[in-house]
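Q: starting from these lines, generate the structure:
(one chain, ligands or ions: 2)
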Amino acid sequence: MITMDDIVREGHPVLREKANEVPLPPSTDDQNTLEKMLEYLKNSQDDEIAEKYNLRPGVGLAAPQIGLSKRMIAVHFIDFHNKEYSYGLFNPKIVSHSVEKTYLSSGEGCLSVDREVPGIVPRYNRITVKATDLEGKEVKLRLKGFASIVFQHEIDHLNGVMFYDHIDKDDPFTVPENAVVADPS
Ligand code: K2U
Ligand code: NI
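A: Ligands and ions are numbered 1, 2, ... in the order given. Next comes the predicted model:
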């Protein structure tokens, strides 16, 4: 199983690389790795398992975060409208996005960042993602709000982008124009 010992931390060069496309159909090895990434998220959200193995809770994980420069992400969460998302995806691509932005009022964190980095992280409010799922099926996901934020955070990892790269350096708490807050007040 993946534990925090397997998660690389900021400063590791792999987090700043553009990850490589995964050849499809995926190898058994890549499929197993992606399944273990999804398992990490489920374990990290189980209080008993998370405590036993000292796992930081996560709703998303990208392969570069376990030292693999491959375009693979896992997500596992229920959004604020009670819609469940649980996917292992190969080669996810944002094919369209809204002009409108969104953000989490509490900012963002990252399993690869062992510090608080306060500030608003502007994201597209709506995105459409195309990818190949664990069963080898092509999927097209239309996402908004929190789900859109999670997928953008993870796809950023595939492009060597960290969440704090998006924070306004002059005024970290400035609310972006044309933006709606994603989390309920
Ligand atoms: O990629 C990662 O480091 C996992 C992040 C993804 C993430 C951070 C902020 C906002 C959306 C996604 C972890 O999930 S951080 C922990 C967390 C847990 C629940 C909700 C938000 C963030
Ligand atoms: Ni992250």
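Q: burial measure for His153, as a count.
A: 24 (other CB atoms under 10 Å). Every C-beta, even on glycine, is put in place using the N, C-alpha and C of the backbone.
Q: is ligand 1 contacted by the strand or helix carrying it?
A: According to DSSP states H and E, His153 maps onto helix 146-158. Yes. Shown here: helix 146-158 in contact with ligand 1 (CB under 6 Å from any ligand atom) through 149-150, 153-154, 157.
Q: buried only: go through those residues for me.
A: Buried by 16 or more other CB atoms under 10 Å: 149-150, 153-154, 157, out of the residues of helix 146-158 next to ligand 1.
Q: could the residues you listed go into a markdown table alongside pLDDT?
A: Converted to a markdown table, those look like this (pLDDT from 0 to 100):
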| residue | pLDDT |
| --- | --- |
| Ile149 | 98 |
| Val150 | 98 |
| His153 | 99 |
| Glu154 | 99 |
| His157 | 99 |
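Q: closest to Ala182 out of those residues?
A: Closest approach between these and Ala182, by CB to CB: Ile149, at 5.8 Å.
Q: please name the nearest non-neighbouring residue to that closest one.
A: Leaving aside its chain neighbours, Ile149 sits nearest to Arg123 (4.9 Å; criterion: CB to CB, 6 or more residues apart in numbering).
Q: and that neighbour, what are its bridge partners?
A: Following DSSP bridges, Arg123 is listed with bridge partners Thr102.
Q: and for it, the neighbour number?
A: 26.
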